[in-house]
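S.K.: Okay, predicted coordinates and the sequence, questions at the end:
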Protein chains: 2
Amino acid sequence: MTDSPKKSASSLCERQALAQPCPIRDVLDRIGDQWSLLVLDALAPGRRRFNEMLREIGDVSRQMLSRTLKQLEQDGFITRTAYPEVPPRVEYALTDLGRSFQAPMGALVAWADEHHRAIVEARQRYLAGAGG
Amino acid sequence: MTDSPKKSASSLCERQALAQPCPIRDVLDRIGDQWSLLVLDALAPGRRRFNEMLREIGDVSRQMLSRTLKQLEQDGFITRTAYPEVPPRVEYALTDLGRSFQAPMGALVAWADEHHRAIVEARQRYLAGAGG
DNA sequence: TCCCATGGTCCAGTTTTTAGACCTTTGGCA
DNA sequence: TGCCAAAGGTCTAAAAACTGGACCATGGGA
């Protein structure tokens, strides 16, 4: 085939040909990183403080948690409320937008839960057959 | 520290306290990287060759595409078929497992599409208010 | 008085990702 | 006959991202 340009339209953008990035690529850049989903999930039950999330997630570094929270706040998924106390208290909570994201995230989690076994098995098969 | 165990049960794992990682963390580690979702999506319409995907995704490096494909194959999302031709031809395609993943991914994409505007607005609000 | 806790930031060292050269083999073209 | 292109990767060096831990300011408790 001669590199026909008729790449059957995919749901995600084929490329950000235009300066304007496509919605999905744009969103994926945020929630597709290592921590965003975990953070969003940690906030699902309710508001949380910084160190609380740090402990809860467990393997996220302060810097990444800080950065992730900042980005999620920037994109309107969460709110940040700082109380002028000593020691300082800062609480993070989901916005309506953030809560609305729980539906697709839930679908993802459910899928993962349901198919985890199949994945583990595939992995073992692969290692048995190709990797040793 | 007493490490109180009363962290309100979240849908994602709180921590991989046990050697056995929780399903979701495990799955997220794979599809939560920079490229997996894009690759999976590129394969949604049908089988694809390596360089084809490289061009289609556009901003993925050869190495990362190669690595991502290998991992997705390892986890049973896709198959790799090499034809003994010259120049070599290798085709990648979704497995049943991979196809089953399109549902939750679709939910994610739909959400992104629907809420992209809100996100962009939130971002602008944030910049206007806090960043300059 | 000293230390801890809070929410971050900063720094240095490590890991991951990138861009680009390179590999192998055969066909097309001059 | 000689040279380049194409395919699907791999390798390397440099850039970027991430990590762990120190550090900041402040007030309460030991």
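M.R.: Yep, that arrived.
S.K.: Please state the backbone phi and psi of A:D59?
M.R.: When read as degrees, to the nearest 10, the backbone of A:D59 gives phi -110, psi 30.
S.K.: mind checking how far it is from B:L69?
M.R.: Noted for A:D59: a distance of 26 Å to B:L69, by CB to CB, to the nearest Å. Just so you know, the C-beta spots here come from the backbone N, C-alpha and C atoms, and that holds for glycine as well.
S.K.: now check the helix or strand hosting A:N51, is it near DNA strand D?
M.R.: Counting by DSSP states H and E, the element that carries A:N51 is helix A:50-57. No: legend: contact between helix A:50-57 and DNA strand D by CB under 7 Å from any atom of the strand is lacking; minimum distance shown is 10.0 Å.
S.K.: which element is A:W111 on?
M.R.: With DSSP H and E as the criterion, A:W111 is inside helix A:102-126.
S.K.: Average pLDDT for the helix holding A:N51, rounded please.
M.R.: Here helix A:50-57 scores 95 as its mean pLDDT.
S.K.: Stretch A:74-81 now?
M.R.: 97.
S.K.: quick one: contacts of the helix or strand hosting A:L65?
M.R.: Take DSSP H and E as the rule and A:L65 turns out to sit in helix A:62-74. By CB atoms under 8 Å, 6 or more residues apart in numbering or on different chains, the surrounding residues in contact with helix A:62-74 are A:30, A:33-36, A:39-40, A:50, A:53-54, A:57, A:60, A:78-80, A:92, A:98, B:122-123, B:126-127.
S.K.: Would you mind telling me which of A:D59 and B:L69 has more residues around it?
M.R.: B:L69 (22 against 12; other CB atoms under 10 Å in any protein chain shown).
S.K.: Please list the residues of chain A that sit near DNA strand C.
M.R.: Near DNA strand C, when you scan chain A using CB under 7 Å from any atom of the strand, you find A:49-52, A:62-63, A:66-67, A:69-70, A:80, A:82, A:87-90.
S.K.: Can you tell me which of those is closest to chain B?
M.R.: A:E52 (8.4 Å; CB to the nearest CB).
S.K.: burial measure for that closest one, as a count.
M.R.: Counted by other CB under 10 Å, the residues lying close to A:E52 total 14.
S.K.: Might you enumerate the residues of chain A proximal to DNA strand D?
M.R.: Residues of chain A lying near DNA strand D (CB under 7 Å from any atom of the strand): A:D3, A:D33, A:Q34, A:D59, A:V60, A:S61, A:R62, A:Q63, A:M64, A:R67, A:V86, A:P87.
S.K.: if we can go back for a sec, Provide a ChimeraX selection command restricted to the buried entries of the residues of chain A next to DNA strand C.
M.R.: Selecting only the buried entries of those in ChimeraX, with 16 or more other CB atoms under 10 Å in any protein chain shown as the criterion:
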select /A:50,69
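S.K.: which of the residues of chain A next to DNA strand C sit farthest apart?
M.R.: By the measure CB to CB, A:R67 and A:P87 form the most distant pair in the residues of chain A next to DNA strand C, at 21.7 Å.
S.K.: where does chain A dip in pLDDT?
M.R.: A:1-21, A:130-132 (pLDDT under 70).
S.K.: how does it look with 80?
M.R.: A:1-21, A:129-132 (pLDDT under 80).
S.K.: Just say helix, strand or coil for A:A93.
M.R.: strand (DSSP: H, G, I helix; E, B strand; the rest coil).
S.K.: Alpha carbons of stretch A:81-94, in CSV - could you do that?
M.R.: Below are the C-alpha coordinates for stretch A:81-94, written out as CSV (Å, rounded to 0.1, in the frame of the first residue of the first chain):
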residue,chain,number,x,y,z
THR,A,81,-8.4,25.0,50.3
ALA,A,82,-5.7,26.4,52.6
TYR,A,83,-6.6,27.2,56.1
PRO,A,84,-4.5,29.9,57.7
GLU,A,85,-3.6,27.8,60.7
VAL,A,86,-0.4,26.6,62.2
PRO,A,87,0.7,24.1,61.3
PRO,A,88,-0.9,24.8,57.9
ARG,A,89,-3.8,22.8,56.8
VAL,A,90,-4.7,22.3,53.1
GLU,A,91,-7.6,20.3,51.9
TYR,A,92,-8.2,19.0,48.4
ALA,A,93,-11.6,17.9,47.2
LEU,A,94,-13.1,16.9,43.9
